[in-house]
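Visitor: Below are the sequence and a predicted model for it; my questions follow.
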Number of protein chains: 2
Amino acid sequence: MADESQKWVLMVTAQTPTNIAVIKYWGKRDETLILPVNDSISVTLDPEHLCTTTTVAVSPSFDKDRMWLNGKEISLSGGRFQSCLREIRCRAGDVEDEKKGIKIAKKDWEKLHVHIASYNNFPTAAGLASSAAGLACLVFSLAKLMNVKEDHGKLSAIARQGSGSACRSLYGGFVKWIMGKDEKGSDSIAVQLADEKHWDDLVIVIAVVSSRQKETSSTTGMRETVETSMLLQHRAKEVVPKRILQMEEAIRNRDFASFAHLTCADSNQFHAVCLDTCPPIFYMNDTSHRIISIVEKWNRSEGTPQVAYTFDAGPNAVMIARNRKVAGVLLQKLLFYFPPQPDTDLNSYVIGDKSILKDAGLEGMKDVEALPPPPEIKDNIPAQKYKGDVSYFICTRPGKGPVLLSDESQALLNPESGLPK
Amino acid sequence: MADESQKWVLMVTAQTPTNIAVIKYWGKRDETLILPVNDSISVTLDPEHLCTTTTVAVSPSFDKDRMWLNGKEISLSGGRFQSCLREIRCRAGDVEDEKKGIKIAKKDWEKLHVHIASYNNFPTAAGLASSAAGLACLVFSLAKLMNVKEDHGKLSAIARQGSGSACRSLYGGFVKWIMGKDEKGSDSIAVQLADEKHWDDLVIVIAVVSSRQKETSSTTGMRETVETSMLLQHRAKEVVPKRILQMEEAIRNRDFASFAHLTCADSNQFHAVCLDTCPPIFYMNDTSHRIISIVEKWNRSEGTPQVAYTFDAGPNAVMIARNRKVAGVLLQKLLFYFPPQPDTDLNSYVIGDKSILKDAGLEGMKDVEALPPPPEIKDNIPAQKYKGDVSYFICTRPGKGPVLLSDESQALLNPESGLPK
């Protein structure tokens, strides 16, 4: 009974950024609702360099919900996807597309199925918060498709149930995830502290670190920390609340010294409670440690912090430089210690905002090879180099929140079939 | 005026063990007196494999205090040596050697100088608590030479002022360093919980891990932790006191499961507070992490702990196996993952008590090469090997406390000249 009215496909495409926490989320007080044991604060990364694009489509011809990630179909049966889908569906509103002659009443949504296609413009498995951007984008785009009238705060509470840190990806700039008090999690939402223009000197350099170890997933890791660490509760109750206030003030005043001090200390403390877990969890490796030492030594030699570092549940270093000039010097130091493997060109070894590379006088591998040892090495020992220990670098900056892409050529689903292009 | 009576040399030689903490000492409440922020518990290691031998000599012909370590003269001007020397000197008693016709009155000691020669039967720089054994041996041998009437507890308080953990090397077996309450440190002493015969099933395997990093000295490290870690005080006041009681009970009952659980958790928590220090301190490296993973995976697969691990201020792993048989299996696993460099023979790669090697069927490199992957690796991925990441292994056991060596052939100083042999 393929009647004509069954043929329409309605689609929405959106783009959502990743974020990096500067005061860390680690530990849930409710596993199902994903309610954290403390507030956290993050910086949203520029979607130009790191983002998820998601197209969601609805059609009466779809016979079940389906999803494709980076072109490959994946199962939607996981509890996290189901939570988000259910929460959005039950808030769906009337939708009318006059041009296409489509009318969906509020009550129809529960009978309709969706297709979802998602694409990360960065390696999914590299430990770069792809699930945060992904779940945020899923919630945001579904909400637009289904004409959900909730504000970003309410949407963040839905995204949170997909992946905790996803809630922070619903805003640009500097974002706080308030842990909340409600048992149902209604007040565990993200709020924007300042937009991306508030502090636009900052430059972010990410070192994607090569790793041979299989890592503990953050879901498993934080559960084990909550169950076994003797230090986590003290961190969550005594340390983080003070740091949250100090971090809000540092961001408000664009006080880089305080911002850097808090960011580094909180990253290290998060990894400390991982180590205090039984069995212990190691996310940083020797390369991560070396990057910290390089930054710490430089910061001390300058007398005031130039660069902050933070590490999530993996060995990658996210470094935040106080400005473009400092970011250029940072890149020089990093490329001195971690040159690429032979036959790698600089253009594929440093990606993202390449203008920083250029400003730092690094146009090709010849410039990298000519880099002198950083002056803060006072020892007479020749500096050791660690070729191949970093896979590549990404240069980026604080960025904006989710946006709708109205240009249909950017959609990931075919507007006729509703299948991946 | 070289009169005949000036020519005598009086000597004492002693041997003192190293120790490994199973509840860690990290952080001083008084830097000068070396008073810790918490109690600690250690296992004394068999001096047959790891010990310091020290000869102390006195003669009216010596014109200043001098010391030689492993044959090389070193300065005695450091505050730590001076504290120990001063504390022992002021407790010196009358000494009479009838055979040699020597008489030293209590009051003469302050005018007499000493020569000290010390020798470690293991690499000094390898991070194996050489300063603990060394300072304990210095205090013990000087006390014997000067006829100091104090008991081992009082001597431990003096050794403590040389190097905190040295106080625990004044006893064999299982030793507790009580933090004490007195401002002057009079009650911050070591006591023996049980002698080495109490639990003689235990076998200790030490992996001396190759390291490219220069490490933070423990003196500097613990000062920075006290000044900057937000977690240390919680550890010292809330966590350690309970663990001390549990560890005493585990040792009393020879309860290996509890002993292992507490030992591993406390080692990890010590390294966690190091990480929570600003700037962070990393003592463990990727090899240390791999050893932990190997032991944790095995312990879990057996359902009950077979081996405990603990790491001091460096990457070396100290593993305590529940008995000889388990130690043999441990060595098989370790040698599978960490085979020696080519051209290294097994005899120099595994030192100490080699009988464990033999019992495990490991007579030569051929047996090592034939080792199958540990059965607890269930993945289909072939196990990775880390050749060269361990420098060598030492097999030992809990051991006895300091002893006097009466055989003059074992003295490190010439009985006529008082200079190194």
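Guide: Thanks, I have it.
Visitor: Name the helix or strand for residue A:119, please.
Guide: In this assignment (DSSP states H and E), residue A:119 forms part of strand A:113-120.
Visitor: and after that strand, which helix or strand comes next?
Guide: That would be, after strand A:113-120 and using DSSP H and E, helix A:130-145.
Visitor: by contact count, what packs against that next one?
Guide: Packed against helix A:130-145 by the contact rule (3 or more C-beta pairs under 8 Å, 6 or more residues apart in numbering or on different chains; DSSP states H and E) you find strand A:10-17, strand A:51-59, helix A:79-89, strand A:113-120, helix A:152-160. Quick note: C-beta positions are derived from backbone N, CA and C, even for glycine.
Visitor: Tell me the buried residues in the longest one?
Guide: Translated: helix A:79-89. A:80, A:81, A:83, A:84, A:85, A:87, A:88, A:89 (16 or more other C-beta atoms under 10 Å in any protein chain shown).
Visitor: Enumerate the residues of the stretch 301-421 of chain A near chain B.
Guide: Within the stretch 301-421 of chain A, the positions adjacent to chain B are residue A:384 by C-beta under 8 Å from any C-beta of the partner chain.
Visitor: Residue of the stretch 301-421 of chain A nearest chain B, please.
Guide: Proximity of the stretch 301-421 of chain A to chain B (C-beta to the nearest C-beta) peaks at residue A:384, 6.8 Å away.
Visitor: quick one on the thing from earlier: can the buried residues of helix A:79-89 go into JSON lines with extra columns for distance to chain B and pLDDT?
Guide: JSON lines is the format used below for the buried residues of helix A:79-89 (distance: C-beta to the nearest C-beta, whole Å; pLDDT from 0 to 100):
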{"residue": "A:80", "distance to chain B": "26", "pLDDT": "87"}
{"residue": "A:81", "distance to chain B": "27", "pLDDT": "90"}
{"residue": "A:83", "distance to chain B": "31", "pLDDT": "91"}
{"residue": "A:84", "distance to chain B": "32", "pLDDT": "94"}
{"residue": "A:85", "distance to chain B": "33", "pLDDT": "94"}
{"residue": "A:87", "distance to chain B": "36", "pLDDT": "95"}
{"residue": "A:88", "distance to chain B": "38", "pLDDT": "96"}
{"residue": "A:89", "distance to chain B": "39", "pLDDT": "95"}
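Visitor: hang on, the residue of the stretch 301-421 of chain A closest to chain B in a helix?
Guide: No: applying DSSP: H, G, I helix; E, B strand; the rest coil, one finds residue A:384 to be coil, outside a helix.
Visitor: How confident is the prediction for it, by pLDDT?
Guide: Per-residue confidence (pLDDT) for residue A:384: 86.
Visitor: can you check residue A:203 too?
Guide: 98.
Visitor: How about residue A:315?
Guide: 94.
Visitor: give me every residue that touches it.
Guide: Counting by C-beta atoms under 8 Å, 6 or more residues apart in numbering or on different chains, residue A:315 touches A:127, A:209, A:211, A:283, A:284, A:285, A:287, A:288.
Visitor: ok, back up a step: now the strand holding residue A:119: average pLDDT?
Guide: 96.
Visitor: re earlier: looking at pLDDT only, which of the contacts of residue A:315 scores worst?
Guide: Lowest confidence among the contacts of residue A:315: residue A:127, with 70.
Visitor: okay, now that residue: neighbour count?
Guide: Using other C-beta atoms under 10 Å in any protein chain shown, residue A:127 has 19 other residues around it.
Visitor: packing partners for the helix or strand hosting residue A:264?
Guide: According to DSSP H and E, residue A:264 maps onto helix A:256-275. In terms of contacts (3+ C-beta pairs under 8 Å, 6+ apart), helix A:256-275 is packed against strand A:19-23, helix A:218-228, helix A:240-252, helix A:286-302, strand A:307-310, strand A:317-321, helix B:256-275.
Visitor: quick one on the thing from earlier: roughly how far apart are the residue of the stretch 301-421 of chain A closest to chain B and residue A:88?
Guide: Distance of residue A:384 to residue A:88, given as C-beta to C-beta, to the nearest Å: 52 Å.
Visitor: what's in contact with the helix or strand hosting residue A:395?
Guide: Applying DSSP H and E as the criterion places residue A:395 in strand A:390-396. Residues outside strand A:390-396 that contact it (C-beta under 8 Å, 6+ apart): A:45-46, A:48-50, A:122, A:126, A:203-210, A:287, A:327, A:331, A:334, A:338, A:340, A:348-354, A:356-357.
Visitor: Narrow those to those that are buried.
Guide: A:45-46, A:49-50, A:122, A:126, A:203-210, A:287, A:327, A:331, A:334, A:338, A:340, A:349-353, A:356-357.
Visitor: Pass me the low-pLDDT residue ranges in the stretch 101-250 of chain A, would you?
Guide: Low-confidence segments of the stretch 101-250 of chain A (pLDDT under 70): A:124-126, A:212-214.
Visitor: The buried ones among the contacts of strand A:390-396 in strands, which ones?
Guide: Residues of the buried ones among the contacts of strand A:390-396 located in strands (DSSP state E): A:203, A:204, A:205, A:206, A:207, A:208, A:209, A:350, A:351, A:352.
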